[in-house]
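1. any chance you could fold what I've pasted below:
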Amino acid sequence: MEKSTLIFIAIILFSTCTPILARSYMPCKKNEDCFKLKCPAPYGGPQCIVLGCQCPLTKPLICKDLDDCTEYCRSRGQDVDNCSEGFCYCLIPPM
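-> Next up is the predicted model:
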């Protein structure tokens, strides 16, 4: 009974390995530094945001200027970072 329980736990652990790795912290300075991170999300590859690699989990808002991003970022409880190449980028406020 104990052996089958351990096997079951191991299967669950290894099946959730990719999402756990996607949330792990990898330091970066540019998007090219994040090539090792595998993202399960359908919204693109890993991005370097606030000196750490992150997987985009939501579709980014298309923006024309910084004012378009203000309401979007505030609704997520974050601060506006920038609007570049038509996408909004938000910052998690410091605690």
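
2. ok, then the element right after the helix or strand of the chain at the bottom of the mean pLDDT ranking?
-> For the chain, using mean pLDDT, DSSP states H and E, the weakest element among its helices and strands is helix 17-23, scoring a mean of 50. Toward the C-terminal end, the helix or strand that comes next after helix 17-23 (DSSP states H and E) is strand 47-49.

3. so Asp81 lies in a strand, does it not?
-> Yes - Asp81: assigned to a strand according to DSSP: H, G, I helix; E, B strand; the rest coil.

4. for Thr70, grab the count of nearby residues.
-> Around Thr70 there are 16 other residues, counting by other C-beta atoms under 10 Å. All C-beta atoms are positioned from the backbone trio N, CA, C, and that covers glycine.

5. isn't it right next to Asn82, touching?
-> No - contact criterion C-beta atoms under 8 Å: Thr70 and Asn82 do not qualify, at 11.7 Å.

6. Cys53: which element?
-> Counting by DSSP H and E, the element that carries Cys53 is strand 52-54.

7. quick check, Pro40 in contact with Cys55.
-> Yes - using C-beta under 8 Å, Pro40 is in contact with Cys55, at 7.1 Å.

8. who has more neighbours out of those two?
-> Cys55 (20 against 10).

9. you'd agree that one is up against Ile49?
-> No - in this structure Cys55 lies outside contact range of Ile49 using C-beta under 8 Å: 10.0 Å.

10. need the residues touching each of these two.
-> Common contacts of Cys55 and Ile49, defined by C-beta atoms under 8 Å, 6 or more residues apart in numbering, are absent altogether.

11. re earlier: can you list the neighbours in contact with the strand holding Cys53?
-> Strand 52-54 is contacted by residues 25-28, 33-34, 37, 46-48 when judged by C-beta under 8 Å, 6+ apart.

12. name only those of these that count as buried.
-> 28, 34, 37, 46-48 (16 or more other C-beta atoms under 10 Å).
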